[in-house]
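Participant: Give me the fold of what follows.
(chains A and B)
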There are 2 protein chains.
Amino acid sequence: MELILANPTGFCFGVTRAIKELENSLDTFGKVYSIGSPIHNPQEVKRLQDKGLVVVRSAEEIPNGSVVFVRAHGEMPEALRIVREKALLIIDGTCPFVHNAQEKAKFLIDEGYDLFIVGDPEHPEVKAILGAVSNKGTVINDLDAINRYGSINRCGIISQTTQSKDFLGSVVSGLVPFCNEMRVYNTICKATLERQDAIRELASRVDGVIIIGGKNSANTSQLSLIAKQEEIPTLWIEDSEELDPDWFSEKNIIGIAAGASTPDWLIKKIKLILEHR
Amino acid sequence: MELILANPTGFCFGVTRAIKELENSLDTFGKVYSIGSPIHNPQEVKRLQDKGLVVVRSAEEIPNGSVVFVRAHGEMPEALRIVREKALLIIDGTCPFVHNAQEKAKFLIDEGYDLFIVGDPEHPEVKAILGAVSNKGTVINDLDAINRYGSINRCGIISQTTQSKDFLGSVVSGLVPFCNEMRVYNTICKATLERQDAIRELASRVDGVIIIGGKNSANTSQLSLIAKQEEIPTLWIEDSEELDPDWFSEKNIIGIAAGASTPDWLIKKIKLILEHR
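Facilitator: A predicted model of the protein is given here:
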């Protein structure tokens, strides 16, 4: 069995940066709090928890005088306000590309555009972007919804950083006939685009693709979707115990790809297991 | 045989306005010059020529001291400069929607965007828009061309006023992945959109559609294209002699639609002939 790794794959700039900051903080302070998972990879989060990370569900749960890490997806302003009151120190792990999307959203609102955010309304990044504009925006994750908005005078659009470019394209294409003016900031990050292109390229060369990444990871979900669109057998796993032996039958060349929040050590571990099958 | 007229159809606001201005000028001055056809309907232009309109091919051909009509599609700045030197009087028949597209193109260039004009590079309206920005723009009439532009930092888009909204949608959708920022002014005029919707609605109710309009008319060409997309037998004619008797066999309900530059008298004439078949 031949193995081919997608290129690039795994940790992106924003996640690498966030994890470095978080590990430095853990080394210095021993205990660091995060509201929700700092990144969307349960295995990496488990590793960090073993080093002192404490994941809580809301800002209210953070004890006074704590060191608090703001996760890569950014945080809602209400939560940040509470954290600012309670924390000894705040380590901002917000990905600069996410921060840019928030700034573009604010700019569009300030300029008088009706704001549309292409993304998943349940994703923390999208919630934080909406929070940054006091919820003055509409999240689009469904093309059918477009016909419900009616005519829009000035339409401002940004995207969740991990969306697919095809979906962003479909949304702008669907909305433009209803708009007098449309202003789009393509805030899909380069890492996302590169990983999406890489899996398309990989799919053309292999008999099946193993995608390693958190089931809660938006960008990993996009990789899986693209692999399926390319009509290549796809196995999305978080860890090695999900490597179903039946899946490998009659496959000679296997591609491996990983989400932007999948750590290198996990990719290496899976690769090693596959090499010794 | 039942006849159903598309609603709305025929003369739009801009053409009605242009023809009124031109007729007033002909009534007053007897002879009025126009560079190229004032509207894209040979039959209506013939009627106006009989009243004193003189269509020339370039500004150079206009005699000194003439009354000059600027056609509905607008005129190139170089030609306008020559006309300004020579003319006794200039009657500006430029459609206000075309003028708006020119202004939006200038604005986008002034704001530092790379300008793309969705339209036909050979159409006088598109040439006049390009002229208004000293040719600092790229005309797109072919989706395949999009992949040739590479990445664009700030992408400004306007449309020829008579384009189809679907094609504009396809262009913005195709370009957005390559752009950091995209700003679109949807300059397709309301009359165009309404006539396109009207023919779609008509197509669902008839056995065939007769489209009346100049073969050089961009908006009529879009109507014909839409009718064909709706898979309805379509006969595009300029005048009654093109009413092929064979086309009518086994058709009980006939739809009639006309381009935005097709005069009422011509639509009525065709309708009368069909009523007496």
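Participant: Output the set of residues of the stretch 51-200 of chain A in proximity to chain B.
Facilitator: With CB under 8 Å from any CB of the partner chain as the criterion, the stretch 51-200 of chain A meets chain B at residues A:165-166, A:168-170, A:172-174, A:176-177, A:179-186, A:188, A:193. (Each C-beta comes from the backbone N, C-alpha and C, glycine too.)
Participant: Go again with 10 Å.
Facilitator: Taking CB under 10 Å from any CB of the partner chain as the contact definition, the stretch 51-200 of chain A meets chain B at A:104, A:152, A:155-157, A:159, A:164-166, A:168-188, A:193, A:196.
Participant: Can you show me the strands along chain A?
Facilitator: A:2-5, A:32-35, A:53-56, A:67-70, A:89-92, A:114-118, A:138-140, A:152-159, A:179-185, A:208-212, A:234-237, A:253-258 (DSSP state E).
Participant: circling back to that earlier point, list buried residues within the residues of the stretch 51-200 of chain A next to chain B.
Facilitator: A:104, A:152, A:155-157, A:159, A:164-166, A:168-179, A:181-188, A:196 (16 or more other CB atoms under 10 Å in any protein chain shown).
Participant: could you dump the strands of chain A to CSV with mean pLDDT?
Facilitator: Shown next, in CSV, are the strands of chain A (pLDDT from 0 to 100):
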stretch, mean pLDDT
strand A:2-5, 96
strand A:32-35, 97
strand A:53-56, 98
strand A:67-70, 96
strand A:89-92, 94
strand A:114-118, 98
strand A:138-140, 97
strand A:152-159, 97
strand A:179-185, 97
strand A:208-212, 97
strand A:234-237, 97
strand A:253-258, 97
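Participant: For B:P8, which of these is the nearest?
Facilitator: With CB to CB, the closest approach to B:P8 among the strands of chain A belongs to strand A:179-185: 20.1 Å.
Participant: got the angle between that closest one and strand B:179-185?
Facilitator: 170 degrees (axes from the mean of the first three to the mean of the last three CA atoms, to 10 degrees).
Participant: what's the offset of strand A:179-185 from the middle of its chain?
Facilitator: 25 Å (CA atoms, centre = their mean, to the nearest Å).
Participant: Just the CA trace of it, in PDB.
Facilitator: Only the C-alpha atoms of strand A:179-185 are listed here, as PDB (Å, rounded to 0.1, in the frame of the first residue of the first chain):
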ATOM      1  CA  CYS A 179     -28.700  43.900  -5.000                       C
ATOM      2  CA  ASN A 180     -28.000  47.400  -6.200                       C
ATOM      3  CA  GLU A 181     -24.500  47.300  -4.800                       C
ATOM      4  CA  MET A 182     -22.700  44.300  -3.500                       C
ATOM      5  CA  ARG A 183     -19.300  44.500  -1.600                       C
ATOM      6  CA  VAL A 184     -17.600  41.300  -0.800                       C
ATOM      7  CA  TYR A 185     -14.600  40.700   1.300                       C
END
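Participant: Can you get me the start-to-end distance on stretch A:212-231?
Facilitator: Start-to-end span of stretch A:212-231 (CA to CA, to the nearest Å) is 18 Å.
Participant: gap between that stretch and the chain center?
Facilitator: 11 Å.
Participant: Check stretch A:173-190 too.
Facilitator: 21 Å.
Participant: Next: stretch A:122-131.
Facilitator: Per CA atoms, centre = their mean, the displacement of stretch A:122-131 from the mean C-alpha position of its chain is 11 Å.
Participant: again, but for stretch A:109-125
Facilitator: 16 Å.
Participant: pLDDT on the longest helix belonging to chain A, on average?
Facilitator: Using DSSP state H, we find that the single longest helix of chain A is helix A:13-29. Average pLDDT, helix A:13-29: 94.
Participant: Any chance of TSV for the strands of chain A, columns distance to A:P77?
Facilitator: What follows is the strands of chain A, written out as TSV (distance: least, CB to CB, whole Å):
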stretch	distance to A:P77
strand A:2-5	40
strand A:32-35	13
strand A:53-56	18
strand A:67-70	12
strand A:89-92	13
strand A:114-118	16
strand A:138-140	17
strand A:152-159	17
strand A:179-185	20
strand A:208-212	34
strand A:234-237	34
strand A:253-258	32
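Participant: measure stretch A:207-218 end to end?
Facilitator: For stretch A:207-218, the first-to-last residue distance is 25 Å (CA to CA).
Participant: List the residues that contact A:Q222.
Facilitator: A:162-167, A:188, A:192, A:195-196, A:199, A:259-260 (CB atoms under 10 Å, 6 or more residues apart in numbering or on different chains).
Participant: Return the member of these nearest to chain B.
Facilitator: When the contacts of A:Q222 are ranked by distance to chain B (CB to the nearest CB), A:K165 comes first, at 3.8 Å.
Participant: pretty sure that closest one contacts A:R200?
Facilitator: No: if you go by CB atoms under 10 Å, A:K165 and A:R200 don't touch, sitting 11.1 Å apart.
Participant: Which of the strands of chain A sits closest to B:K269?
Facilitator: strand A:179-185 (37.0 Å).
Participant: Just want the angle from that closest one to strand B:152-159.
Facilitator: 170 degrees.
Participant: Would you list the strands that strand A:179-185 pairs with, along with their directions?
Facilitator: strand A:152-159 (parallel), strand B:179-185 (antiparallel) (DSSP bridges).
Participant: Adding distance to A:E238, write these out as CSV.
Facilitator: Output for the strands paired with strand A:179-185, formatted as CSV (distance: least, CB to CB, whole Å):
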stretch, distance to A:E238
strand A:152-159, 26
strand B:179-185, 33
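Participant: of all those strands, which lies closest to B:F11?
Facilitator: strand B:179-185 (24.7 Å).
Participant: What angle do strand B:114-118 and that closest one make with each other?
Facilitator: 50 degrees.
Participant: wait, doesn't A:K136 sit right on A:F116?
Facilitator: No: A:K136 lies out of contact with A:F116 (CB under 10 Å); the separation is 11.1 Å.
Participant: Mind listing the shared neighbours of those two?
Facilitator: A:A105, A:L108.
Participant: residues of stretch A:12-19 that come out buried?
Facilitator: Buried residues in stretch A:12-19, counting neighbours by 16+ other CB under 10 Å, are found at A:C12, A:G14, A:V15, A:T16, A:R17, A:A18, A:I19.
Participant: Likewise for stretch A:222-240?
Facilitator: Of the residues in stretch A:222-240, A:222-227, A:232-238 count as buried by neighbour count, 16+ other CB under 10 Å.
Participant: How much space separates the residue sitting furthest away from the middle of chain A from A:L274?
Facilitator: When distances are taken from the C-alpha mean of chain A, A:E250 lies farthest, 33.0 Å away, according to CA atoms, centre = their mean. Note on A:E250: its distance to A:L274, by CB to CB, to the nearest Å, is 16 Å.
Participant: Give me the domain ranges for chain A.
Facilitator: Residue ranges for the domains of chain A, per automatic domain parsing: A:2-10+A:191-275, A:13-94, A:97-188.
Participant: who's in contact with A:P245?
Facilitator: A:P245 touches A:R277, counting by CB under 10 Å, 6+ apart.
Participant: what does the model give it for pLDDT?
Facilitator: For A:P245, the predicted pLDDT is 92.
Participant: Distance check, the closest residue to chain B within the stretch 1-150 of chain A against B:F11.
Facilitator: Nearest residue of the stretch 1-150 of chain A to chain B, counting by CB to the nearest CB: A:K104, 8.4 Å away. Distance of A:K104 to B:F11, given as CB to CB: 43 Å.
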